[in-house]
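In: just the structure for this:
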Amino acid sequence: MRIDLQWIAISGLLLILAFGLSAWKLYNSSATYLPQPAMENFYDLNANTIEGAAYSFSQLKGKRILIVNTASRCGFTPQYAELESLNNQYGGDNFVILGFPCNQFGRQEPGSSGEIATFCEKNYGVSFQMMEKVDVKGPEAHPVYQWLSEKARNGVEDHKVAWNFHKFLVDEEGRLVASLRSGVSPLDATIVDFAKR
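Out: The predicted model follows:
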C-alpha cells in the first residue's frame, strides 16, 4: 500500500513537472524565418491609432517593425517598460513598435482607448505607437492579425496568438521574420539584434 502511494505521488509530481515545462515552452518559445515574399502585401494594411486616427501601413515601408498585443492587467504587463526601453534605444526612422491592446485573454484589457493610453503613459511612459483595441484571434480578428496569423497571407507560417504580449517581427520589406511568445522579453537578443541592425 505504501509503495502504491509513493508511486502515485511520484507520478503526480512528474505530471506537474511535464505540464510546467510544456507551459514554459509555450510562453517562451520563438520561431524565426528566412525572409519569404508574403502572399498579401503587408503595406496594404491599415489600422487606427489609439487616438482614433487612420494609420496606413504604407508609411512603414523601409522600417523594421515589432507588433505586440498588449494588456494592462496581465502578468506580462511590465513588458511595457522593456518595450519602451527598446523604443528609446532603437526606435525612430528605421525601427517602429506598434502596440495593439486586446481584451481576449482573461479580460485583462477592459478599458477604453483613453483609459489604456493614460495607463500606458502614467505607468510606463509609453511613447511608441499604440493602436486601437482589437481582436487578435477568432472570426473578428483585425486584418493585421489575420495577416500575421495566416500562412496564406504572410507566406511563412500559421500562428496562434495564445496570450497577451505575443510579438511579431516584420522586416523592412514587409516580410514576417519572427513570432515570439509572451514570455520572450522585448529585450531578448533576437529582438534587440533585429531592432538595431
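In: quick one, helices of the protein?
Out: All helices of the chain, identified by DSSP state H, fall at 2-28, 79-90, 113-124, 143-149, 151-154, 189-196.
In: and residue 162, how far from residue 156?
Out: 18 Å (CB to CB, to the nearest Å). For the C-beta atoms, the positions are set from N, CA and C on the backbone; glycine is no exception.
In: who has more neighbours, those two?
Out: residue 156 (22 against 13; other CB atoms under 10 Å).
In: gap between the more buried one and residue 134?
Out: 21 Å.
In: tell me the buried residues in stretch 127-138?
Out: 128-137 (16 or more other CB atoms under 10 Å).
In: got it, and stretch 33-45?
Out: Those buried within stretch 33-45 under the rule 16+ other CB under 10 Å are 33, 38, 40, 42-43, 45.
In: tell me the one of those residues nearest residue 182?
Out: residue 33 (19.1 Å; CB to CB).
In: residues in contact with the closest one?
Out: Going by CB atoms under 8 Å, 6 or more residues apart in numbering, residue 33 touches 156-157, 176-178.
In: and the closest residue to residue 194 other than its chain neighbours, how many neighbours?
Out: Leaving aside its sequence neighbours, residue 194 sits nearest to residue 169 (CB to CB, 6 or more residues apart in numbering; 5.2 Å). Neighbour count for residue 169, taken as other CB under 10 Å: 21.
In: one more: residue 143?
Out: 15.
In: that one contacts residue 42, doesn't it?
Out: No - taking contacts as CB atoms under 8 Å, residue 143 lies outside contact range of residue 42: 10.7 Å.
In: burial count for residue 81?
Out: For residue 81, using other CB under 10 Å, the count is 15.
In: so it touches residue 124, yeah?
Out: Yes - assessed by CB under 8 Å, residue 81 is found in contact with residue 124 at 5.3 Å.
In: so for those two, which residues contact both of them?
Out: By CB under 8 Å, 6+ apart, no residue touches both residue 81 and residue 124.
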